[in-house]
Every structure is written in C-alpha cells, then in structure tokens.
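Asker: Predicted coordinates and the sequence they were generated for:
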Amino acid sequence: MTPEEIQTFFTGKDGSYAFARWGRPIVPVVFGVEEETLEVVKGAVEAVVALAGHKMAETDPELGANLMVFFFQGWDELLGVPNLEKMVPDLEPLVGRLKGVGASQYRAFRFDEDGAIQACFVFVCMSGEMAQQPAETIALTQAVQAVLLWGEGAFSTKSPLAVLPETGQVILRPDVAGIIAASYDPVMPAAAEDASHALRLFARMQVNPVVNTLSEDETKH
C-alpha cells in the first residue's frame, strides 16, 4: 500500500482526515441475537482486538460496556430501546434518515478528552441482503469497522473481507489487517486530524508487517 491509499481510509467526504483508535480496553455487549450468534460476535471482536494488540475487559468503569452491538429487523425498533436516546443524541431523526436511505448498518462513536474512542454503538439492520450473510461474515466485518474510526467511504465499495479463491475461505484483507495493527503501535497517537498521520502508518507497516490475517474460522470459540 502507498501512503496515499492509506490516507483514503480515514478521509471523509469533505476531504478532511480523521483517525481515532480505542484509548481503553473494549467491553462488548450484544443485543438481539441468540446465544450461538452472541459467541460468534464476541469471538470476532476478540480476534480483531488481538490482531490490534489492544485489550478487552470485563467491565468499563464509566459505562459498564463500551461497545454495544444491536441487531434488529427494522430501524424503528431502536426507538423502543430504553435509554438509548440518552447514549445516541437525536436518535429519532437519525433513525428517520437511516430508513430514508435504506441503510443496513450504522456506527456512532464517542470520544474521550484526548480524541481516542471511548464508546461505540453499532446498529445492524438484519433485512434484505444483510439477512442473507453468514453470521461470521457480519461479525468480523462489524468488529473491524468498530476497532478504528474509519472514513465514511473506507468500505463503501469494497468489503474489509476477501475470499481466498483456492479454498473459498473468507479472511480479513491483509491491507486492512496491516492498517489495524499499525494503528495500535504504541508509538502512534490515539487520534489524528493531519493527513501526515497516514505517512506514519505507512512507516509502521513497513517495520512490522502483518504476516497472517484473520479468517472467519479464527473468530469462533
């Protein structure tokens, strides 16, 4: 990858650069799925966190859980979740916008005083094409997109996952895995708004290349 290619992963539609990683251990909680799928989702989060070299915990001292993943059949269901509007401002108009554009997923982030990710709320609408995907694919995709603050168009045209033609196995794309690992290098900042940050990510990826990447099978308990 070139520095310019890395930069596109964190560039918004307005051309601004925005990067953030988690500044605290990740504590996931999953709503709207059966026990079997719950383990798949948590396994995917654990695998991506391990790839990043970050940490997980049993509880967050401020929030209890700080990575909340909601699965549902229709966006209106979110309006009935107790106290969700306190955690996600302007929830009702947000739901209206997401319904209007036919969105299948959405992530809302909260940040600490240093700009690092403090919490992430992941919403997955299990209808249409999304409902046809294997649970492992959805889980790994969502875990990847929650571990960093990616640009709006980072995966709009190309999934963070890839299929090995030899076996048909679904894996995390090596370039995406490399970016995640480099982003959590201790020498890198927790947040950045200058595009020169992409040059630093590029340098870390050369120093510590990711040899192996994640497959769906590795996310299972």
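Answerer: Cool, the structure landed.
Asker: which residue ranges form the strands in the protein?
Answerer: Taking DSSP state E, the strands of the chain run over residues 19-20, 28-31, 67-72, 105-111, 117-125, 161-163, 170-172, 191-192.
Asker: Can you give me the end-to-end span of stretch 141-152?
Answerer: 15 Å (C-alpha to C-alpha, to the nearest Å).
Asker: Turn the strands of the chain into TSV, including mean neighbour count, distance to Lys55 and mean pLDDT.
Answerer: From N, CA and C alone the C-beta is placed, and that goes for glycine too. Putting the strands of the chain into TSV (neighbours: other C-beta atoms under 10 Å; distance: least, C-beta to C-beta, whole Å; pLDDT from 0 to 100) gives the following:
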stretch	mean neighbour count	distance to Lys55	mean pLDDT
strand 19-20	24	17	98
strand 28-31	18	12	96
strand 67-72	22	13	97
strand 105-111	15	18	96
strand 117-125	22	13	97
strand 161-163	16	24	92
strand 170-172	22	19	90
strand 191-192	18	18	98
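Asker: Show me which residues of stretch 132-149 are buried.
Answerer: 135-149 (16 or more other C-beta atoms under 10 Å).
Asker: go on, stretch 176-183?
Answerer: So, applying 16+ other C-beta under 10 Å, buried residues of stretch 176-183: 176-183.
Asker: The biggest helix by length in the chain: which residues count as buried?
Answerer: Secondary structure of the chain per DSSP state H: the longest helix is helix 35-52. Within helix 35-52, the residues that count as buried by 16+ other C-beta under 10 Å are 37-49, 51-52.
Asker: And Leu149, how far from Cys120?
Answerer: From Leu149 across to Cys120, the span is 9 Å (C-beta to C-beta, to the nearest Å).
Asker: Val170 and Ala139 touch, don't they?
Answerer: No. With contact defined as C-beta atoms under 8 Å, Val170 does not count as touching Ala139 (11.1 Å).
Asker: Gly96 and Leu78: what is the separation?
Answerer: Counting by C-beta to C-beta - Gly96 and Leu78 are separated by 11 Å.
Asker: wait, I meant Pro189
Answerer: Taken as C-beta to C-beta, the span from Pro189 to Leu78 is 33 Å.
Asker: Look at these two and report which has more neighbours.
Answerer: Using other C-beta atoms under 10 Å as the criterion, Pro189 and Leu78 rank with Leu78 on top: 21 against 15.
Asker: what sits against the more buried one?
Answerer: Contact analysis of Leu78 by C-beta atoms under 8 Å, 6 or more residues apart in numbering lists 70, 72, 84, 91, 95, 123.
Asker: which stretches of this protein have low pLDDT?
Answerer: Counting by pLDDT under 70, the chain contains low-confidence ranges at 210-221.
Asker: Can you flag the residue of it lying furthest from its geometric centre?
Answerer: Glu166 (27.4 Å; C-alpha atoms, centre = their mean).
Asker: Now for the residue nearest to Ile138 when sequence neighbours are not counted: which residues touch it?
Answerer: The shortest distance from Ile138 to any non-neighbouring residue, by C-beta to C-beta, 6 or more residues apart in numbering, is to Val124 (6.6 Å). Val124 makes contacts with 69-72, 104-105, 130, 138, 142, as judged by C-beta under 8 Å, 6+ apart.
Asker: Now render these as CSV, adding distance to Phe9.
Answerer: Listed next are those as CSV, based on distance: C-beta to C-beta, whole Å:
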residue, distance to Phe9
Val69, 22
Phe70, 25
Phe71, 26
Phe72, 28
Ser104, 20
Gln105, 17
Met130, 22
Ile138, 21
Gln142, 17
